[in-house]
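Student: Here is a sequence together with a model predicted from it:
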Amino acid sequence: MPYKKHVIFATVVTLFSSGEAPVLASGGKSHWGYTGHEGPAQWSKLNNDYHMCKAGKKQSPIDISNAQGTKLGNIDFNYKANPKNIVNNGHTVQVNMDKGSHIVISNKTYNLLQFHFHSPSEHTLDGKAAHMVAHFVHKAEDNQLGVVAVLMNKGKANKVIAQLWDNMPTTAGENIKLSDNINVNDILPKDKAYYNYSGSLTTPPCSEGVNWMVLKSPVQVSDRQIKIFTNIFSKSIRPVQPLHNREIKFSM
Ligand SMILES: [Zn+2]
């Protein structure tokens, strides 16, 4: 059903990134990137809809330091469905999910839409970035977005990344159907303690109200696996943004 696939692809990519693929020509989106005159410092000038990238006071990513230890609800991960496809959207590779995977935090359910990668990590811990990060993008019934960040440091090869990279779409707009049995849970660290704060999308339109959960424990990924990604996406991060009046909590 190529039509259905096309529609889902357009919706997800328009919400969380945008730019290169021809299906995105409508909808008031502009070309953006990570360097030069399309880079992060210019995003607000590229399109009126991107004004929050400059005007926002709750932007992401941030440097995480001085987090307050707090009783936060555990993140209950229920990732069941297989990934559907892997897409090169011109900025990163994004794995789109079929319905059926979600997280629950304090009785609120967020459905997993997609996950994608950046290298190095966008959030930093005490000023230090991880070598790579996976962002799991969820949406609750009230439309709030919740993003779980899984930090990845250089070490052993990662099984899930190996399965995904075997299907790596190397050119912008390329979309590869995933047929392998990929268990997304295998990418998560055992310890699910997390940092929590209210932020934004880290790509235009930089919309705020995003519930960020950055897992404290990193997982491992091999040097070669990082290089396969950075050879295609040499720049994929927005710099850290001012914290302003926000509190960062740490789950105890
Ligand atoms: Zn991201």
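Tutor: Perfect, I can see it now. Numbers count the residues shown, from 1 in each chain.

Student: C-alpha only now, for contacts and for neighbours.
Tutor: Fine.

Student: how about the helix or strand encompassing Lys139: buried residues?
Tutor: Using DSSP states H and E, Lys139 falls within strand 132-140. Within strand 132-140, the residues scored as buried using 16 or more other Cα atoms under 10 Å are 132-140.

Student: Please provide the alpha-carbon coordinates for it, formatted as CSV.
Tutor: Output in CSV follows, covering the C-alpha atoms of strand 132-140 (Å, rounded to 0.1, in the frame of the first residue of the first chain):
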residue,chain,number,x,y,z
MET,A,132,25.8,9.5,19.9
VAL,A,133,22.2,9.6,21.1
ALA,A,134,18.9,8.0,20.2
HIS,A,135,15.7,10.2,20.6
PHE,A,136,12.5,8.2,21.1
VAL,A,137,9.7,10.5,20.1
HIS,A,138,6.3,9.8,21.7
LYS,A,139,2.9,11.6,21.7
ALA,A,140,0.2,11.4,24.4
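
Student: Does it pack against any helices or strands, and if so which?
Tutor: Judged by 3 or more Cα pairs under 8 Å, 6 or more residues apart in numbering; DSSP states H and E, the packing partners of strand 132-140 are strand 108-118, strand 145-154.

Student: Of these, give the one that comes closest to Ala55.
Tutor: strand 145-154 (19.9 Å; Cα to Cα).

Student: quick one: the strands in the stretch 1-150 of the chain?
Tutor: Along the stretch 1-150 of the chain, the segments classed as strands by DSSP state E, counting those that start in this stretch run 63-64, 68-70, 75-78, 83-88, 93-97, 102-105, 108-118, 124-125, 128-129, 132-140, 145-154.

Student: how far does stretch 229-245 stretch from start to finish?
Tutor: 35 Å (Cα to Cα, to the nearest Å).

Student: buried set for that stretch?
Tutor: So, applying 16+ other Cα under 10 Å, buried residues of stretch 229-245: 229-230, 232-233, 235-241, 243.

Student: For the spatially closest residue to Leu178 that is not a sequence neighbour, give me its contacts.
Tutor: Leaving out its chain neighbours, the residue that sits closest to Leu178 by Cα to Cα, 6 or more residues apart in numbering is Asn85, at 4.9 Å. Contacts were defined as Cα atoms under 8 Å, 6 or more residues apart in numbering; by that measure Asn85 touches 95-97, 175-178.

Student: Would you convert the residues you listed into TSV that also reports distance to Asn89, pLDDT and neighbour count?
Tutor: Converted to TSV, these look like this (distance: Cα to Cα, whole Å; pLDDT from 0 to 100; neighbours: other Cα atoms under 10 Å):
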residue	distance to Asn89	pLDDT	neighbour count
Val95	10	97	23
Asn96	12	97	24
Met97	15	95	21
Asn175	9	96	22
Ile176	12	97	15
Lys177	14	96	14
Leu178	16	94	18
